[in-house]
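Colleague: can't give you the sequence, but here's the structure:
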């Protein structure tokens, strides 16, 4: 069956870059507005106007640079911070003494914080601390003395940028952890699907060869012994398996990348099938089949998985209850779900045997039955009383089946 690769990108960092782009434009306009409102306080307005021309051109031309971590290079960050520092240092040259002593804004004003925030988003809190330091020094030089409002603004920029840088680092670590968890889940689901197929075919054949070989003896006995060893090895591989390392996007702004491989069931999802038609072949001399008088429609993938679970339950009856055990299949079409019950008159399952079987790698009930129903959004309940047989009740919700089984 055809496979399709679904790529999932997760990033809480990308919205920060978009917000930074808008912040730079808005603060540029804000700085120009402050200059226009305090134009009379500038002895050399030409210097300020020249700086704002550079600021406008630089801000608009470099908008693509603040769209992702890859585009925002170290060279860009250095030039961007240099422009902000230049504007701060030029402020006492362009403005009069009253503007400086009264705590008037610098030429770039709060646009400077955008440069520091770019460092924080790009490299975390250490980069933010590195960029905040020269900004603090430049502000102290601009005022000529450590005034209260200047110290307040310096500390505010320092703390805010470091906090944002730390949050970005935590978010990146969380994305990697989430990507790893999703990939483990996807790999586990695929391994369980393969394990069910192997259990329904290869493992049963190996077990049969082992039993027949032990009865026949001689070379057949040796073949049976080898088949038993391979069965144990294969069960160990199926119940364990390796999980590949999570892949991370080359562009850190795109976040972690998880590739989940799924089966392409597009053709099968287009229609439904009568569940009775899939279960009828299980009827035999020692297997009774009771069905409703009307069709029991289910989507093809859901019906096939449910029928396979019934087959696995009947196989357990033959293997553990003996060839002479009788079994009954009952199909009930409820308003919200389909219920299939498989009951036998065997000796039952001793208490704790299922948990022991799972520990030994014998995953017939865990994967072939419960695993299938769990993927369908349903459930499998097993009730067994020693000496009174075993009953397996399989439930599949109709709403889940109509929407698909993925």
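Modeller: Thanks, I have it. The model shown is predicted, which means the values in this text are computed figures rather than measured ones.

Colleague: Next up, the contacts around the spatially closest residue to residue 63 that is not a sequence neighbour.
Modeller: Spatial nearest neighbour of residue 63, chain neighbours left out: residue 21 (5.6 Å); criterion: Cβ to Cβ, 6 or more residues apart in numbering. For the C-beta atoms, the positions are set from N, CA and C on the backbone; glycine is no exception. Taking Cβ atoms under 8 Å, 6 or more residues apart in numbering, we find residue 21 in contact with 63, 66-67.

Colleague: For residue 21, give its distance to residue 60.
Modeller: 11 Å (Cβ to Cβ, to the nearest Å).

Colleague: cool, residue 81 as well?
Modeller: Relative to residue 60, and taking Cβ to Cβ, residue 81 is found at 18 Å.

Colleague: More neighbours: which of these two?
Modeller: More neighbours surround residue 81 than the other of residue 81 and residue 60, with 20 against 11 (other Cβ atoms under 10 Å).

Colleague: is it fair to say the more buried one lies in a helix?
Modeller: Yes - assessed by DSSP: H, G, I helix; E, B strand; the rest coil, residue 81 belongs to a helix.

Colleague: how about low-confidence regions in the stretch 151-300 of the chain?
Modeller: 152, 191-204, 229-270 (pLDDT under 70).

Colleague: Going along the chain, name the strands of the stretch 101-250 of the chain.
Modeller: 247-248 (DSSP state E, counting those that start in this stretch).

Colleague: hang on, the earlier thing: can you pick the most crowded of the contacts of residue 21?
Modeller: Busiest of those [other Cβ under 10 Å] is residue 66, holding 27 neighbours.

Colleague: Isn't it up against residue 22?
Modeller: No - counting by Cβ atoms under 8 Å, residue 66 sits too far from residue 22 to count as a contact (9.7 Å).

Colleague: biggest helix in the protein by residues?
Modeller: Using DSSP state H, we find that the single longest helix of the chain is helix 148-198.

Colleague: what's that one packed up against?
Modeller: On a contact count with 3 or more Cβ pairs under 8 Å, 6 or more residues apart in numbering; DSSP states H and E, helix 148-198 meets strand 3-10, helix 111-123, helix 125-143, helix 218-239, strand 247-248, strand 256-263, helix 372-375.

Colleague: what angle sits between that helix and helix 125-143?
Modeller: 170 degrees (axes from the mean of the first three to the mean of the last three Cα atoms, to 10 degrees).

Colleague: switch to numbering from 657
Modeller: With the count now opening at 657, the last piece we talked about shows up as helix 804-854.

Colleague: can you give me the angle helix 804-854 makes with helix 767-779?
Modeller: Using the same axes, to 10 degrees: helix 804-854 against helix 767-779 is 30 degrees.

Colleague: Tell me the gap between helix 804-854 and the middle of its chain.
Modeller: 12 Å (Cα atoms, centre = their mean, to the nearest Å).

Colleague: swap in stretch 774-785?
Modeller: The answer for stretch 774-785 is 26 Å, by Cα atoms, centre = their mean.

Colleague: tell me which residues in it are buried?
Modeller: 774-781, 783-785 (16 or more other Cβ atoms under 10 Å).

Colleague: Name the residues that touch it?
Modeller: 669, 672-673, 676, 722, 725, 728, 733, 736-737, 772-773, 786-787, 814, 817-822, 824-825.

Colleague: One more pass at 6 Å, please.
Modeller: With contact meaning Cβ atoms under 6 Å, 6 or more residues apart in numbering, stretch 774-785 is reached by 672, 725, 728, 733, 787, 817-818, 820-822, 824-825.

Colleague: on that earlier part again, pLDDT and distance to residue 973 added to the buried residues of stretch 774-785, as CSV?
Modeller: Converted to CSV, the buried residues of stretch 774-785 look like this (pLDDT from 0 to 100; distance: Cβ to Cβ, whole Å):
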residue, pLDDT, distance to residue 973
774, 90, 67
775, 90, 68
776, 89, 64
777, 88, 62
778, 88, 63
779, 86, 63
780, 87, 60
781, 86, 63
783, 89, 66
784, 87, 66
785, 87, 69
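
Colleague: in the stretch 657-806 of the chain, which ranges drop under the pLDDT threshold?
Modeller: 657-668, 801-806.

Colleague: The helix or strand harbouring residue 743 packs against which elements?
Modeller: Secondary structure from DSSP states H and E places residue 743 in helix 730-750. Applying 3 or more Cβ pairs under 6 Å, 6 or more residues apart in numbering; DSSP states H and E, one finds that helix 730-750 contacts helix 701-717, helix 767-779, helix 781-799.

Colleague: highest average neighbour count across those?
Modeller: Mean neighbour count, computed with mean count of other Cβ atoms under 10 Å, is highest for helix 767-779 among these, reaching a mean of 25.

Colleague: I'd like the distance from it to the chain centre, please.
Modeller: 29 Å.

Colleague: again, but for stretch 965-980
Modeller: 38 Å.

Colleague: Kindly report the same for stretch 941-953.
Modeller: 41 Å.
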